[in-house]
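Any chance you can model this:
(one chain, ligands or ions: 1)
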Amino acid sequence: MAAINADLSVNGYTFEDIQTLAKEILKHTSLRPKIALICGTGLGGIAEVVENPITVPYESIPGFPVSTVEGHSGNFVFGTLGGKQVLLMRGRLHYYEGYPMWKVAMPVRVMKAMGIETLLLTNAAGGLNPKYNTGDLMIIKDHIDLPGLTGECVLIGKNDTRFGPRFIATNATYDHDLRSKFKQVVLELGYGNILQEGVYIMIGGPTFSSAAEARVLRMFGADAVGMSTVPESVVGRHSGMRIFGVSLISDMVDMEDGSKFLVTHEDVLKTANERALLMQKVFVKFIHLID
Ligand SMILES: O=P(O)(O)O[C@@H]1C[C@H](O)[C@@H](CO)O1
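Numbers count the residues shown, from 1 in each chain. Next comes the predicted model:
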């Protein structure tokens, strides 16, 4: 009879499982990048400017989950960007796909096991700040972990201290130096007019916010709302990584009752597509500046 694990407080992947996954992925390449980038919805195009890319599809990694969302292709890409070795994750896992939080953020632990020290997070998010516009880039200066605040923190469960300590501070998660380098790059490219810096709030999704919910999120102090990123940044921080995050404002969230504008995933993909070239340019220059 198969062993029964009735201890539901145990997270699904042990430290040994994570090491095994990391070794399995690293079999495909001799590169050992220290910088990783998780591509948000429709933002996987950054991988197209990776030099000498080595692609590792998730299906080829035994035990690795797949992303089921359009705009997330489902592979790791190793190569060089801006003169640095990088690892790109094209196809993140989302909570609303049915994955528990610990599974959503598991790839970050695998990245740590592969030697990643700096984690760059991108996402598509809805603008809540009325000064923002569709197509803006918002550097994440802080986040609100709404699922975490309501009992779905990614670190819930037994803690294996080989991953990190039981309790962690999550203030100052987003690295100041990386934020100012990113700002410098966007300004140098002449896109200061679309650059914002603000607070990202994660909701579970997959529903986009109702107008009343959006007003609450804004009252909480959020500038943009999305369905990812926070579990990844929390797990990255837990493991001692340096974290940077940027949101592409893919749509402006409707906060007025009776509005006829109904946002769709296609709207999100369309904005991401329109910003694809700029994102490539920005990340090549940005990664070049990262030490
Ligand atoms: O992976 P991200 O956070 O970029 O994806 C956003 C949130 C939802 O997954 C999707 C909604 O269109 O885009």
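
Tell me the backbone dihedrals of residue 120, please.
phi -110, psi 120 (degrees, to the nearest 10).

Report the spatially closest residue to it, excluding sequence-adjacent ones.
Take residue 120 and drop its neighbours on the chain: the residue closest to it by C-beta to C-beta, 6 or more residues apart in numbering is residue 37, 4.3 Å away. Using the backbone N, CA and C atoms, a C-beta is placed for each residue, glycine as well.

Can you tell me the SS state at that neighbour?
Assigned with DSSP: H, G, I helix; E, B strand; the rest coil, residue 37 falls in the strand class.

doesn't residue 118 make contact with it?
No - counting by C-beta atoms under 8 Å, residue 37 sits too far from residue 118 to count as a contact (9.3 Å).

re earlier: the residue nearest to residue 120 pairs with what?
With beta bridges defined as DSSP bridges, residue 37 has these partners: residue 88, residue 120.

Can you say which helix or strand has the residue lying closest to residue 224 once chain neighbours are set aside in it?
In space, not counting the residues next to it along the chain, residue 224 is nearest to residue 125; the distance is 4.0 Å by C-beta to C-beta, 6+ apart. Using DSSP states H and E, residue 125 falls within strand 118-127.

what helices or strands is that strand leaning on?
Using 3 or more C-beta pairs under 8 Å, 6 or more residues apart in numbering; DSSP states H and E as the contact criterion, the elements in contact with strand 118-127 are strand 35-39, strand 137-145, strand 224-226, helix 230-238, strand 242-252, helix 265-274, helix 276-289.

for the last one, which positions count as buried?
By that I understand helix 276-289. By neighbour count, and taking 16 or more other C-beta atoms under 10 Å as the criterion, the buried residues in helix 276-289 are 276, 278, 279, 280, 282, 283, 284, 285, 286, 287.

and the angle for that helix with strand 118-127?
For the pair helix 276-289 and strand 118-127, the angle between their directions (axes from the mean of the first three to the mean of the last three C-alpha atoms, to 10 degrees) equals 150 degrees.

Name the residues that touch helix 276-289?
Contacts made with helix 276-289 from outside it, assessed by C-beta atoms under 8 Å, 6 or more residues apart in numbering, are listed as 35, 37, 42-43, 45-46, 48-49, 81-84, 86, 120, 122, 137, 181-182, 184-186, 188-189, 191, 248.

rewinding a little: who has more neighbours out of residue 37 and residue 118?
Neighbours were counted for residue 37 and for residue 118 using other C-beta atoms under 10 Å; residue 37 has more, 27 against 21.

Since that was my last question, I'll sign off now.
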